[in-house]
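1. Next one to model:
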Amino acid sequence: MDRSSRSGIHRPATDRGGEVSLDYVIHGAGAIGSVIGSRLALAGCSVGLVARGAHLDAIRTHGLTLEGQTQGRFDLAASDTAHDLDVGRATRVILAMKSGDTPAAIDAHADLYADRPILCAQNGVSNEQLLHGRSMDTYGCTVIIGAAIREPGVVWHSGAKSLTIGRWPTGTDDVCHSLAADLERGGLRARLHDHVEANKWGKLVRNLANAYLALTDLPTQEASCLPRDRHFAADVQEEAADALDAAGIAVESTGKRNLREQIDHLRSDGVWEPFVREDPTIRSYPSTWQDLAAGRTNVEVDHFNGAIVRLGAAHDVPTPFNRVLRDVCEDAAARRLGPGTETTESLRLAAKAYSG
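-> Residues are numbered from 1 along each chain as shown. Predicted coordinates for the structure are as follows:
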């Protein structure tokens, strides 16, 4: 287990004109953003955080505390807007907010972030599509990190520390190399990828299960144990594979098998052991589950399952399983119902109704 008890080390960046500014702004310093920001601070980079609410108040008062796979207290500049931070020409921006919050954040910082590299360390592909469509200097990042806010100002890094980086939609450059080097010095695993868009579509397919785990109150370690859960996931992923094929979109699976092979594997029978990579006593839940548990009305499922629904609609591919996950999960969030309101059987019945 890679742990650190040091506080963040701040190294100012100096622009060519002598201006002193931050190396990085983490815009959306929730759980994942806090892990990335603290690790960059450990690498010796100067880091500023854009956060909100009680989490921001606690960071300003007591500093940012990391526990678990990352440990330490970090005294970092923090505000609810990057306009209050020392953003200079050499500053790089890492977006880590929920995808639904990206448009407003970019609108509010369009001039400040113009011509600066912006790395989307977020799930889905809509963030990169938005920035690229506005001709911003866009980079994609597939994030495999488990984290949650335990209390305001305190983040638990539960496991995993992998990031895949590339220019959007393809290629790599010096910015990618320096980003990866900083992250590696901070103890994260960073790799470069010439086709990061395909890689992020692969992560999106993996995230299609988030709504199911939240609605059925199932931890990620047990998501594939029972055939009923695996078979439902296979149906959801098969819709995605069909829609992606019809749209001509390349997708890189996150596992050893390609997407079609993974679907076949999920359709196998028998009970599997829980997937445990580190501490066998830990049970973790995806961000969608965390949102429902916290009573948040804003969930990201429209950027996951909804993306497949829209692709299917555009190419005449039925997607009832993804539709039901999106719609039922959004309804649960709007009504603050919390995790565990559905079963596999109730979701299958709803999907059958969608199929007509």
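2. Pretty sure residue 25 sits in a helix.
-> No. Under DSSP: H, G, I helix; E, B strand; the rest coil, residue 25 falls outside any helix and is assigned strand.
3. could you list every residue that touches it?
-> When the contact criterion is C-beta atoms under 8 Å, 6 or more residues apart in numbering, the partners of residue 25 are 47, 48, 49, 50, 82, 85, 87, 91, 92, 93, 94. C-beta here means a position set from N, CA and C on the backbone, and glycine is covered the same way.
4. shaky segments in the stretch 1-150 of the chain?
-> Flagging of the stretch 1-150 of the chain using pLDDT under 70 yields the residue ranges 1-20.
5. Alpha carbons only: can I get stretch 205-213 in PDB?
-> Extracted C-alpha coordinates of stretch 205-213, given in PDB (Å, rounded to 0.1, in the frame of the first residue of the first chain):
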ATOM      1  CA  VAL A 205     -19.300   1.200 -20.900                       C
ATOM      2  CA  ARG A 206     -17.900   0.100 -17.500                       C
ATOM      3  CA  ASN A 207     -19.800   3.000 -15.800                       C
ATOM      4  CA  LEU A 208     -23.100   1.800 -17.300                       C
ATOM      5  CA  ALA A 209     -23.400  -0.500 -14.300                       C
ATOM      6  CA  ASN A 210     -23.200   2.400 -11.800                       C
ATOM      7  CA  ALA A 211     -27.000   3.100 -11.900                       C
ATOM      8  CA  TYR A 212     -27.700  -0.600 -11.400                       C
ATOM      9  CA  LEU A 213     -25.400  -0.900  -8.400                       C
END
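6. Need the contact partners of that stretch.
-> 123-124, 218-220, 223, 229, 232-233, 236-237, 240-241, 244, 251, 253-254, 259, 285-289, 299-301, 304-305, 308, 322, 325-326, 328-329, 347.
7. Now the buried members of these.
-> For the contacts of stretch 205-213, a burial check counting by 16 or more other C-beta atoms under 10 Å picks out 123-124, 218-220, 223, 229, 232-233, 236-237, 240-241, 244, 251, 253-254, 259, 285-289, 299-301, 304-305, 308, 322, 325-326, 328-329, 347.
8. now, which of the residues you listed lie within helices?
-> Using DSSP state H, the subset of the buried ones among the contacts of stretch 205-213 located in helices is 229, 232-233, 236-237, 240-241, 244, 259, 287-289, 301, 304-305, 308, 322, 325-326, 328-329, 347.
9. Go through the contacts of residue 25 and flag which are in strands.
-> The members of these that map onto strands under DSSP state E are 47, 48, 49, 50, 92, 93, 94.
10. can those residues go into a markdown table with extra columns for distance to residue 342 and neighbour count?
-> Converted to a markdown table, the ones in strands among the contacts of residue 25 look like this (distance: C-beta to C-beta, whole Å; neighbours: other C-beta atoms under 10 Å):
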| residue | distance to residue 342 | neighbour count |
| --- | --- | --- |
| 47 | 40 | 29 |
| 48 | 41 | 24 |
| 49 | 36 | 31 |
| 50 | 35 | 27 |
| 92 | 41 | 22 |
| 93 | 38 | 26 |
| 94 | 34 | 26 |
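11. out of those, who's nearest residue 149?
-> Within the ones in strands among the contacts of residue 25, the smallest distance to residue 149 is 13.0 Å, found for residue 49 (C-beta to C-beta).
12. give the contact list for the closest one.
-> Applying C-beta under 8 Å, 6+ apart to residue 49 gives the contacts 25-26, 29, 33-34, 37, 56, 59, 64, 76-79.
13. That one bridge partners, please.
-> With DSSP bridges applied, residue 49 shows beta-bridge pairing to residue 26, residue 78.
14. separation between it and residue 257?
-> 38 Å (C-beta to C-beta, to the nearest Å).
15. And residue 302, by the same measure?
-> From residue 302 to residue 257 the distance is 27 Å (C-beta to C-beta).
16. quick one, which of those two is more surrounded?
-> residue 302 (19 against 13; other C-beta atoms under 10 Å).
17. was I right about that one contacting residue 326?
-> Yes. Between residue 302 and residue 326 a contact is recorded at 5.9 Å, counting by C-beta atoms under 8 Å.
18. Now stretch 203-215: buried residues?
-> Neighbour counts over stretch 203-215 (16+ other C-beta under 10 Å) mark 203-215 as buried.
19. One more: stretch 115-133?
-> Applying a neighbour-count criterion of 16+ other C-beta under 10 Å, one finds 116-132 buried in stretch 115-133.
20. Specify the local secondary structure of the closest residue to residue 28 other than its chain neighbours.
-> Distances taken as C-beta to C-beta, 6 or more residues apart in numbering put residue 97 closest to residue 28, at 2.8 Å, once the chain neighbours are dropped. Assigned state for residue 97: coil (three-state reduction, three-state DSSP).
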